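Asker: What follows is a predicted structure for the sequence shown.
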Amino acid sequence: MDTTRLLDEIDEGFIYIDKEGIVKAYNQVAKEITGVVFQRTSVHPEGRIEKGDLVVIADNRMGYDDGNLTVEDLNVLNLPYNDLKLGDAFIAVGIYGDDHCKGIVKNWRNKAINRKLKHSGVFEGYFIEVNIDVVGKSMEIVIDHVSYIMHYTHAVGHMVVIDGKTGALKFHQARGYTIRKETIRDLLSQKKFRSKVPNEESYEVLNKKIGDIFEYNELLSKIYDSLNGKGGFFDKAFYQINKRPTLCTLQPIGKSNAPEGVVLKIVDVSNLEVLMMKRNEILMKMEMANESLLTEARDGVHEMFEKIIGSSQPMQHVMHLAYKASKSRSTILITGESGTGKSLIAKEIHKLQGGKSKPFISVNCTAIPNTLFESELFGYEKGAFTGAERTGKKGFFELASGGTIFLDEIGELPLDVQSKLLHVLQHKSFYKVGALQPTHVNVRVIAATNVNLEEAISERRFREDLYYRINVFPIEMPPLRDRKTDLYPLIRNIMEKLSEEIGIPVKDFSGEALDKMVSYDWPGNVRELENVIERAMNISDADIIESECITINVKRETKPLNMKEQLQEIEKQMILEALERNEFRHKETYEMLGLSRSVYYEKLKKYDISKS
C-alpha cells in the first residue's frame, strides 16, 4: 500500500508541512474537513461575471464568510438597499451591471435568525426560489427548477450566476470557495472563477504553501512559529480552519528548535453536538473577530434567550416557538415534566415581548389553598368577608394588568375556579369577591402544567372548554433525557451559577463522572441536575469531581458509553435521521450531511446501516 492510500485510511485529518511551509501530505479526511474536496451537482467552465448576467445571492451574515462583502459591493446589481447592513441575513437577485433593471433584495436582522428565510417569484423571465434554513444550516437557490444547495457551519455566502447571453449556468458556489479565492466579493469585482468539471474531485494542495490554503489566523501563526523553531506544539486544541471549527494537534518533526517540518492532525467538530460547549467557544471567538457580529451576538438568539441553555434540535425548536409566541398576544400553554424549565421559558417570552418594564406575576397553583383561590386570583372588596383587609386587595390578575400572568401547574385549579378563569379569558374582565362591577384587565396569560390535561378532561378534573381556550399556542418542553447533547453546556452553566451562590470555585468533572451523568436518564430533569451538581461541588475536596461524588442511581446493567462511543452513536443517529428525511435517497443524504460519497458509504458499512 502506498503512502497516500495509507494516509487516506486514517480516520482523522493528516497534513504534513515541510520546513519551507510547503504541503507534502494531505489526506482525504483533511481535504473533506477543510473544503478541498468538491461536492457539487452541476459543472461549468472557468470565467468571470459579466454585464447582463443574472446573479442570485443568499447570505446568512453579510460581511463575514463572503469575502467581507459590503453594501457598496452590491451596487453592481442595482438593488434597492433599504436598510441593509453588515451582519444582516439577506437574499438578493439582480442583473450584473444593468442600471436600468432594478434588482430585488430582502434582509433580516438579528431576531429573524430563528426561522427560515425565503423568497420566490419570477425575475426577468426566470423562476427563482431561495431558502435559508438557519436551523438546518443549509441554503438553497433554485433557478428554473434546478437546485443548488450549500451546507454550512457558521456563516456562508452562496451565489449562482446565469449567463445573460445563453441562459446557461455560468457559476455556482460550492464548498471550498475560501481556498479557491471565490468569495462573493471576489467574484462581484470580476475576478476569475475556476471551472468545475465532472472528474475533478479536489483542489490540488500538494506542493503549495500552507498559507495559500489556510486563511491567516492564530492556527497558521502557530504553524509558522513551530516551523521556525519557536515552539508552537499543542495537543487537541480548538482552532478554525477556513471558518470551520476543528480540534487540532500540532507536532514538530525532528528537533523542536530546528524541525524538518510539522504534522497537523485535525478533527471536524461541526457535527458533533456532544462537543457543542467547546465548539461554541471557538464560534464566539469567530464572532468577536468581526465587529458587525458583536451587534448580532447582543441582539440575536443567544441574547433573546440568554438564560436558556441548549443547542440541541429539541431546544432549538422550543426557542423558535417561544420567539414566535412573543410576537403575539395569544394564550400560551407550556407542557412538560417537572424540572424542564417551563417557568424559565415563560419569563423569557415575557421579556422578549418587551416586558422588562411590565409586570410578570407568577402564580403557583399548587401553593394556594382551595378556599383562597378566588380571592388570590381576582382580589376582593373591603369588607367582603370576615378577616378581609379593610382597604380590599388586588388579585394576581389585576396586579398583572398590562403584563403577563404565569399560571404554573394550572391542572391543579379547582373546577369552580376554572369556570371563572374561562370567563376572564373570554371577556378580559372579572368580579372581585364582594364586587358589583367588573374589573377590566389587559393581561397576557401563560399557563403551564406537567399533567396530561386531555386525561384530566376525560376524568372530569379539567374543563374541556378551558383547555381549548388556553391551548391556543402550545409549547412542549423536552425532558433532559431527550436532549443529552445539552448536558455539557448545562453542567458548565449550572456550576458557574452555583459558584457565585455558594462560594465554591468552579471545578472540572472526571471522564468517569461525566460518563455517569450522560448514562443517567434524569427523571427530575434540569432541577435534579442542579441538585446533583451542587451536592458534588460541596462534598468534593479536589479540583476534579470524581464519579463517587455524583449521587445518582445508574442502573448497573447499563454500561456507560465512553466519549468515542457517544460520538459514534450520535453520528449514526444523524445519518439515520438524514436518510429518513431524504426517503433513503443516498445522494441527497450525503450532500445534506456534507460528506463525500466514499466517506458516506464507509460510514454506512461501519455502522451496519442498510443501503436499501
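Answerer: Here it is on my side, so go on. Residues are numbered from 1 along each chain as shown.

Asker: Okay, now the unreliable bits of the stretch 351-500 of the chain?
Answerer: Within the stretch 351-500 of the chain, the segments meeting pLDDT under 70 span 355.

Asker: which residues in it form strands?
Answerer: Applying DSSP state E, counting those that start in this stretch to the stretch 351-500 of the chain gives strands spanning 360-364, 379-380, 393-394, 404-408, 429-430, 439-440, 444-449, 473-476.

Asker: which helices and strands does the fifth one pack with?
Answerer: Same thing as strand 429-430. On a contact count with 3 or more Cβ pairs under 8 Å, 6 or more residues apart in numbering; DSSP states H and E, strand 429-430 meets helix 415-427, strand 439-440. Backbone N, C-alpha and C define where each C-beta goes, glycine included.

Asker: Save those as TSV, and put in mean neighbour count and distance to F378 too.
Answerer: Output for these, formatted as TSV (neighbours: other Cβ atoms under 10 Å; distance: least, Cβ to Cβ, whole Å):
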stretch	mean neighbour count	distance to F378
helix 415-427	15	7
strand 439-440	14	8
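
Asker: Out of the ones you listed, the one nearest E546 is which?
Answerer: helix 415-427 (50.0 Å; Cβ to Cβ).

Asker: distance between stretch 8-27 and the chain's centre?
Answerer: Stretch 8-27 has its C-alpha centroid displaced from the chain centroid by 32 Å (Cα atoms, centre = their mean, to the nearest Å).

Asker: Quick one, which of the strands of the stretch 351-500 of the chain gets closest to N78.
Answerer: strand 473-476 (41.7 Å).

Asker: How far does the closest one sit from its chain's centre?
Answerer: Centroid separation for strand 473-476 versus its chain: 20 Å, with Cα atoms, centre = their mean.

Asker: what lines up beside it in the sheet?
Answerer: Using DSSP bridges, the strands paired with strand 473-476 are strand 332-335 (parallel).

Asker: what comes into contact with the partner strand?
Answerer: With Cβ atoms under 8 Å, 6 or more residues apart in numbering as the test, strand 332-335 has contacts from 325, 342, 345-346, 349, 445-450, 453, 470-477.

Asker: could you flag which of these are buried?
Answerer: For the contacts of strand 332-335, a burial check counting by 16 or more other Cβ atoms under 10 Å picks out 325, 342, 345-346, 349, 445-450, 453, 470, 473, 475, 477.

Asker: now, which of the residues you listed sits nearest H100?
Answerer: Set against H100, the nearest of the buried ones among the contacts of strand 332-335 by Cβ to Cβ is A325 (45.0 Å).

Asker: how near is that closest one to K497?
Answerer: Distance from A325 to K497, counting by Cβ to Cβ, to the nearest Å: 26 Å.

Asker: Which one, of the helices and strands packed on strand 429-430, ends up nearest to G125?
Answerer: G125 lies closest, by Cβ to Cβ, to one member of those: helix 415-427, at 52.3 Å.

Asker: Next, the angle strand 404-408 makes with that closest one.
Answerer: 150 degrees (axes from the mean of the first three to the mean of the last three Cα atoms, to 10 degrees).

Asker: Who are the packing partners of the helix or strand harbouring Q251?
Answerer: Per DSSP states H and E: Q251 is located in strand 244-255. Using 3+ Cβ pairs under 8 Å, 6+ apart, the elements in contact with strand 244-255 are helix 28-34, helix 218-227, strand 234-241, strand 258-268, helix 276-288.

Asker: Go through those and pick out the most buried.
Answerer: Each of these was scored by mean neighbour count; the highest is helix 28-34, a mean of 23, by mean count of other Cβ atoms under 10 Å.

Asker: where does that helix sit relative to the chain's centre, distance-wise?
Answerer: Its chain's average C-alpha position is 24 Å from that of helix 28-34, according to Cα atoms, centre = their mean.

Asker: swap in stretch 517-528?
Answerer: On the basis of Cα atoms, centre = their mean, stretch 517-528 sits 22 Å off its chain's mean C-alpha point.

Asker: With adjacent residues omitted, what lies nearest to R483?
Answerer: Leaving aside its chain neighbours, R483 sits nearest to S312 (4.1 Å; criterion: Cβ to Cβ, 6 or more residues apart in numbering).

Asker: again with P259
Answerer: Leaving aside its chain neighbours, P259 sits nearest to P252 (3.9 Å; criterion: Cβ to Cβ, 6+ apart).

Asker: cool, E534 as well?
Answerer: Sequence neighbours aside, L498 is the residue nearest to E534 in space, at 5.4 Å (criterion: Cβ to Cβ, 6+ apart).

Asker: And I57, by the same measure?
Answerer: A92 (4.4 Å).

Asker: so that neighbour bridges to which residues?
Answerer: Beta-bridge partners recorded for A92 (DSSP bridges): I57, V105.

Asker: what's the weakest-modelled helix or strand in this structure?
Answerer: helix 291-299 (a mean of 37; mean pLDDT, DSSP states H and E).

Asker: Mind pulling up the pLDDT for the residue nearest the centre of the chain?
Answerer: Taking Cα atoms, centre = their mean, the centroid of the chain lies closest to S311, which sits 5.2 Å from it. We note a pLDDT of 72 for S311 in this prediction.

Asker: Secondary structure class of it, three-state.
Answerer: Following DSSP: H, G, I helix; E, B strand; the rest coil, S311 is assigned to coil.

Asker: export the strand holding Q251 as PDB, just CAs?
Answerer: Taking Å, rounded to 0.1, in the frame of the first residue of the first chain, the C-alpha atoms of strand 244-255 are listed here in PDB:
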ATOM      1  CA  ARG A 244     -14.700  25.600  10.100                       C
ATOM      2  CA  PRO A 245     -14.300  24.700  13.900                       C
ATOM      3  CA  THR A 246     -11.700  21.900  14.300                       C
ATOM      4  CA  LEU A 247      -9.900  20.000  17.000                       C
ATOM      5  CA  CYS A 248      -6.200  20.200  16.200                       C
ATOM      6  CA  THR A 249      -2.900  18.600  17.300                       C
ATOM      7  CA  LEU A 250       0.400  20.100  16.000                       C
ATOM      8  CA  GLN A 251       3.600  18.100  16.300                       C
ATOM      9  CA  PRO A 252       7.100  19.200  15.100                       C
ATOM     10  CA  ILE A 253       9.100  16.600  13.300                       C
ATOM     11  CA  GLY A 254      12.800  16.300  14.300                       C
ATOM     12  CA  LYS A 255      14.400  18.700  16.700                       C
END
